[in-house]
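Undergrad: sequence-free structure coming up:
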Ligand SMILES: [Zn+2]
């Protein structure tokens, strides 16, 4: 795993790592480009850090609500043909996906 | 490639094991964690899914109240602190068993923390510290097609069933358990066994290990004796039987010792357990897999249990297994060891039910740990799988106590019960197993024995009372075991020994 660079700048390595985690194929030129662009985004967001929040409790959610729950009652699910119609491929009543390289179930 | 292994006893001369367990329990709720889909096991593939558990755009999750209460009850039973503020988090990773691209879990704000579970083993108590108990959701099931063994290597493609995706899953994480030494494999097993008993008592899950309701990730590391470091651990994933939990720790101890003996380093990684060989093999590397980029789940508001709610749940907890065992041990007047035999035989519920059906604790224990354990063993089944109920065992014990049958006849009556011939009294009747009373037939048999063995009878008359045994034996033989030996002896004495 790559280590964060000093001063909050984003390195090429970090962008490559994030791209891998997100299963995105990114070329060398794009790495360079995105590292610069993402760094600009991070800098912009980092301005929030200038605010004095010493007396402000951390906000955990945009809506001040807790304990929103439903009773444990089963309800009808979607018909299977509808479910599988949205699958890229289906076989044997299941979603068909490519083999997963180098990993085990 | 087979691993080099060090003899288990030898491992302990140089290394101290440290174990830890992360146990996943599927809750027995009627509906899934964040949607109303049914959780029925064994349904046709992909018939229990909806936009929420398939992660379709625009769908919104709503928390299952029962699942939250079950999690809090598990936490309370394990002596945990229940958080007054708890949140869900997204655990991001790409794998086809998780349709959303993330698993809704809990990260730095779990529902329950800092508990413990005392595990008894061979008269010693090991305290297992519980680090946390949190709620998350289960994943779908992958079926690998085209591979030679069902393992993914060589698999051509995978087929996914999302019925299980979104079923409430509780994760119970221990702190590292040092100091168990040679007992480490058994402590790991005893911990999962006791945890399972607690979950059963709480009624939060059916805990069917063969259906994957309960699976443990078993961490093992070795440290050179005297070292302050606990060594690098491996994590054996999804171990789903009690026996396998013990075997996986034993194997990892032996394998890691060989690695360390060779001057190499143990690789921190996940490993897979193989039931057939009792061995583990390397899985994906941990470093890469743990980069989950957790962040708070924006679609769910926090869970904030207040005191009143927690206390209500605490007051409604059932008697827990350890307390129940202590109470029954006291009521039955047994020693710790005697009680341990019953528990280890998996007979506690059976003995308890047999006592409840009217048998004495001594009789109930004798039947289940004696004759019935032998029969289960001979047939290679669990005690609970025998075709005899605790009520029938109590009835059988009652027939012996009343003198209707002796022990030998009772075993024959049991044959009939197990063969499906009915309740014990009916079998005794239909097979004609009742012992003979003071009947004419018995009188005739007694007198025939005396006449047939004049020498022995004379010895008894002249005061050699022990010799009477041979006459009793003769009577038992002619009656084919149906006479009561004590009655026969009394009848012989009436005739041969002058009162
Ligand atoms: Zn659903």
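TA: Perfect, thanks for sending it. All values derive from a computational prediction rather than experimental measurement.
Undergrad: so what's the predicted local confidence for residue A:100?
TA: Looking at residue A:100, its pLDDT reads 65.
Undergrad: now swap in residue B:64 and tell me
TA: 97.
Undergrad: what helix or strand is the closest residue to residue B:447 other than its chain neighbours on?
TA: When the adjacent residues along the chain are set aside, residue B:447 lies closest to residue B:495, with 7.6 Å between them (C-beta to C-beta, 6 or more residues apart in numbering or on different chains). Quick note: C-beta positions are derived from backbone N, CA and C, even for glycine. Applying DSSP states H and E as the criterion places residue B:495 in helix B:485-496.
Undergrad: show me what that helix is packed against.
TA: helix B:440-452, helix B:454-461, helix B:468-478 (3 or more C-beta pairs under 8 Å, 6 or more residues apart in numbering or on different chains; DSSP states H and E).
Undergrad: go with 6 Å
TA: helix B:468-478 (3 or more C-beta pairs under 6 Å, 6 or more residues apart in numbering or on different chains; DSSP states H and E).
Undergrad: which residues sit against the longest helix along chain A?
TA: The longest helix of chain A (DSSP state H) is helix A:28-46. Residues from elsewhere that reach helix A:28-46 (C-beta atoms under 6 Å, 6 or more residues apart in numbering or on different chains): A:9, A:10, A:12, A:15, A:16.
Undergrad: likewise for stretch B:93-107?
TA: A:23, A:97, B:54-55, B:88-92, B:134, B:136-137, B:139-140, B:142, B:160, B:162, B:292, B:294, B:297.
Undergrad: measure the closest residue to the ion within chain A to chain B for me?
TA: Relative to the ion, the nearest point of chain A is residue A:77 (6.0 Å; C-beta to the ion). Here residue A:77 is placed at a distance of 5 Å from chain B (C-beta to the nearest C-beta, to the nearest Å).
Undergrad: try residue A:53
TA: Taking C-beta to the nearest C-beta, one finds residue A:53 at 17 Å from chain B.
Undergrad: contact residues of chain A facing chain B?
TA: Residues of chain A that fall close to chain B, judged by C-beta under 6 Å from any C-beta of the partner chain: A:21, A:23, A:60-61, A:65-72, A:74-75, A:77-78, A:80, A:83, A:91-99, A:103-105.
Undergrad: narrow those to those in helices?
TA: A:21, A:80, A:83.
Undergrad: ranking the residues you listed by neighbours, who comes first?
TA: Ranked by the number of neighbours (other C-beta atoms under 10 Å in any protein chain shown), these place residue A:83 first, at 23 neighbours.
Undergrad: double-check it against residue B:48; I have them as touching.
TA: No: the pair residue A:83 / residue B:48 is not scored as a contact, 9.8 Å apart, by C-beta atoms under 6 Å.
Undergrad: burial count for the residue of the stretch 101-250 of chain B found nearest the ion?
TA: With C-beta to the ion, the shortest gap between the stretch 101-250 of chain B and the ion falls at residue B:166, namely 5.6 Å. Using other C-beta under 10 Å, residue B:166 is surrounded by 32 other residues.
Undergrad: ok, and the closest non-adjacent residue to it?
TA: In space, residue B:166 is closest to residue B:53, 3.6 Å off (C-beta to C-beta, 6+ apart).
Undergrad: quick one, what contacts residue 92?
TA: Let's take chain A. Per C-beta under 6 Å, 6+ apart, neighbours of residue A:92: residue B:159.
Undergrad: my bad, the chain I had in mind was chain B
TA: B:102, B:292, B:293.
Undergrad: that older thread, only whichever of the contacts of stretch B:93-107 are buried, select them in PyMOL.
TA: Listed next is the PyMOL selection for buried residues among the contacts of stretch B:93-107, using 16 or more other C-beta atoms under 10 Å in any protein chain shown:
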select buried, (chain A and resi 97) or (chain B and resi 54+55+88+89+90+91+92+134+136+137+139+140+142+160+162+292+297)
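Undergrad: can you pull out the low-pLDDT segments for the chain?
TA: Using chain A here. Applying pLDDT under 70 to chain A picks out residues A:1-8, A:60, A:100-105.
Undergrad: meant chain B actually
TA: Checking chain B against pLDDT under 70 turns up B:1-2, B:146-155, B:284-290, B:436-438, B:498-499.
Undergrad: which bits of it sit near chain A?
TA: So chain B meets chain A at B:29-31, B:36-38, B:45-50, B:62-66, B:94, B:96, B:142, B:152, B:155-161, B:283-284, B:291, B:301-304 (C-beta under 6 Å from any C-beta).
Undergrad: also near the ion: which of these, exactly?
TA: Within the set of the residues of chain B next to chain A, contact with the ion (C-beta under 5 Å from the ion) is found for B:37, B:50.
Undergrad: what subset of the residues of chain B next to chain A is buried?
TA: Buried members of the residues of chain B next to chain A, scored by 16+ other C-beta under 10 Å, are B:29, B:31, B:36-38, B:45-50, B:63-66, B:96, B:142, B:152, B:155, B:157-161, B:283, B:301-303.
Undergrad: residue B:310: which element?
TA: Here residue B:310 is assigned to helix B:307-315, by DSSP H and E.
Undergrad: in that helix, what counts as buried?
TA: Using 16+ other C-beta under 10 Å as the test for burial, helix B:307-315 gives B:310, B:313.
Undergrad: go through stretch B:194-213 and flag the buried ones.
TA: Residues B:194-199, B:201-202, B:204-205, B:207, B:209, B:213 are the ones in stretch B:194-213 that count as buried (16+ other C-beta under 10 Å).
Undergrad: which ones among the residues you listed lie within helices?
TA: Per DSSP H, these map to helices at B:194, B:195, B:196, B:197, B:198, B:199, B:201, B:202.
Undergrad: isn't the third one up against residue B:207?
TA: Right, residue B:196. Yes: under the criterion of C-beta under 6 Å, residue B:196 makes contact with residue B:207 at 5.1 Å.
Undergrad: count of neighbours near residue B:355?
TA: Residues near residue B:355, counting by other C-beta under 10 Å: 21.
Undergrad: same check, this time on residue A:91
TA: Neighbours around residue A:91, by other C-beta under 10 Å: 15.
Undergrad: any idea what it is bridged to?
TA: residue A:94 (DSSP bridges).
Undergrad: and for residue B:169?
TA: Going by DSSP bridges, residue B:169 forms beta bridges with residue B:26, residue B:136.
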